[in-house]
Structure formats: structure tokens, C-alpha cells
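Engineer: This is a predicted model, with the sequence first.
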Amino acid sequence: MGKNICSQQFTFKNFGFRCKEDEKNLFFRSQWGSDRTLFFLYRLFMTLYSFGWLLAYMIVRGIYNIGALQRSYQYLTQWSNVMATIYFALACGLSIVGLVKNKRSNRTESGAIKFLRTLTWMIWTMSSLMILIVVITYWALLWKNESPENRRDPFNFHRHLVVAIMIVIDVFVAGFPIRLLHFVYGIVIACLYSVMTVIVHAAGVNSAIYGFLNWAENPGLTAGIAVAFSVLGPILLHCIIFGLYCLRLQIYKCTCPPDERVKQNVRAIAYSHSDEHNGAVDNPAFDRDRFQEKIV
């Protein structure tokens, strides 16, 4: 299974966000069942929870530490938390679309739905990589230098740990596929952040947003770190995310009864066009070959 999935990834089309007809239904449901209402409730909870923490952070910092709020745009932590909130909101909207389509038995897909699916997929890729970079960097390099007050700060705990747990949970709960080559979008957002640090330095605002990124005192080392952060970091971390995705598929294959998989395949076929079923699907939530073997 793992070899088959990996062999399907290294094609040029997988740099994009086009998915097969068989896979479109997977954006509206969980890996573990076809109940779209329950999946929507999960999406709604994650959205409200994420938005609530972001809003609370902005209100509390705005009241008690306006300077920290004004500087927050400089930190990758803020970027990642905002992006994660946007992702959960878009995913919730996409689950609503799936719920409506299911009730109306509507098999057609408008351009707006395709755009929403693509945008959600892209934002998920970027936010998940940023969050993992933030969590690893914080606990490996920054936590030991934090003051006792900051260590006890609930916002600090949420932004540097809980959000990462939410993303990992989403990897295992959601049904949509993960493309290995999508690491390029993580590189894009990481490069944008690195450019922002250079602009902030050139403008005389802050030359050392983080202690190990000091453009004023050690520009050569900082440039090397920025390149590694922008290129190697997203590649390695996206490989980890893809590994978790493969683990999800393997757990599903081992735990979901064959009869239940057949039922889910039948539902997937109901939302697919019969003349566009060419090519393998890298998610056993729609394993066409197994389905055909079952009905022969």
C-alpha cells in the first residue's frame, strides 16, 4: 500500500490541486465514515475553537500589551495561527457545501466549489507546515529562554502546542488526500516570511525577530538559516505529514471492516462520473479495484 501511494505521487500534475472525480467526495467527509453531518459538527467545533483563541489573544493583548499585538505580524507564530484559523473556517464552509450537496443529491460541481476546495487544500498545506516549524523551533530553541511568566501564559501554550495537535488530529480525521509534492507551497510561504524579516530589518524596525535570525550582527549565518528554513524545513516536515497520512490509510485499511468499505465505495460511485474513473486512487475510502472484486 505504501509503495503504491508513493509511486503515484511523483507526477507533474500532483504539483497542482486537481483531484480525480473519485476523490472529490473525500473533501466533504471523514476518513472513518460517510456521515457528513457529524463531520460538519467536527469542522464547526475546530473553527469556533481556533477563532475563539485568536480573537481572545487579540483582545487580551490589545488591552494589556498593545505593543506585543502591534509586533505580532513579525512572528511566524502569528502567521501560522491566523492561517490555521482561516483553514478551519474554509474547511467548515466546504463541509457545509458537502452537506447541502448530499441532501440535494447534486452531482454537479460549480467553479465556486472547485475554487473553495483548491483554496482550502492550499491553505491547509501552508498552515500545517508553518505550525510544525513553529512548534519544533519554539520547543527546541526558544522555550528554555522564556520567562516563567511566558511559560505559564495559556496563549503561549495554545499557540505553540495545541494548534499543532489540532492539525495532527485533522490529518487523521479528514478524508481528503495529501500530495507529497505540495511541499512547494510550504516553501513559498516560508520564503515570503524570510523576505518579510529582511524588509523589517531594512526598515530599521527589528533586525533580530528571533535570536538566531539577526540580520544586523551576523547576516551571513542568518541568510544560511533563512535558506534552510525556507527550503529544507518545508520538505522534511511535509514528508512527516505525508507519513502520517500514509499511517492513517494503513490504520483505516486494518480496522475498517471490508463490508463497510464496500458500502463507502458504493456511496462514492454515486458522486462520480462513470466515464472519468481512469487511474488509481490513493485513498482506500474509494478503492475501486476492491469494489469491483467484491461485486464480481
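Structural biologist: Perfect, I can see it now.
Engineer: who does the helix or strand encompassing residue 239 touch, helix- and strand-wise?
Structural biologist: Using DSSP states H and E, the element containing residue 239 is helix 233-255. Packing partners of helix 233-255 (3 or more C-beta pairs under 8 Å, 6 or more residues apart in numbering; DSSP states H and E): helix 2-9, helix 111-137, helix 163-173, helix 183-202. (Each C-beta comes from the backbone N, C-alpha and C, glycine too.)
Engineer: from the chain's centre, how far out does whichever helix or strand comes after the second one sit?
Structural biologist: The reference is to helix 111-137. Remark: after helix 111-137, the chain's next helix or strand is helix 148-151, criterion DSSP H and E. Here helix 148-151 is found 29 Å from its chain centre; the criterion is C-alpha atoms, centre = their mean, to the nearest Å.
Engineer: need the next SSE after helix 148-151, C-terminal direction.
Structural biologist: helix 154-157.
Engineer: if we can go back for a sec, could you dump the helices and strands packed on helix 233-255 to TSV with distance to residue 56 and mean neighbour count?
Structural biologist: What follows is the helices and strands packed on helix 233-255, written out as TSV (distance: least, C-beta to C-beta, whole Å; neighbours: other C-beta atoms under 10 Å):
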stretch	distance to residue 56	mean neighbour count
helix 2-9	39	13
helix 111-137	18	20
helix 163-173	14	17
helix 183-202	24	18
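Engineer: between those helices, which one is nearest to residue 60?
Structural biologist: Across the helices and strands packed on helix 233-255, residue 60 has its closest neighbour in helix 163-173 (16.8 Å, C-beta to C-beta).
Engineer: now what about the closest one, what contacts it?
Structural biologist: Helix 163-173 is touched from outside by 30-32, 42, 46, 49-50, 80-81, 84, 88, 124, 127-128, 131-132, 134-135, 178, 241, 244-245, 248, 251, with contacts defined as C-beta atoms under 8 Å, 6 or more residues apart in numbering.
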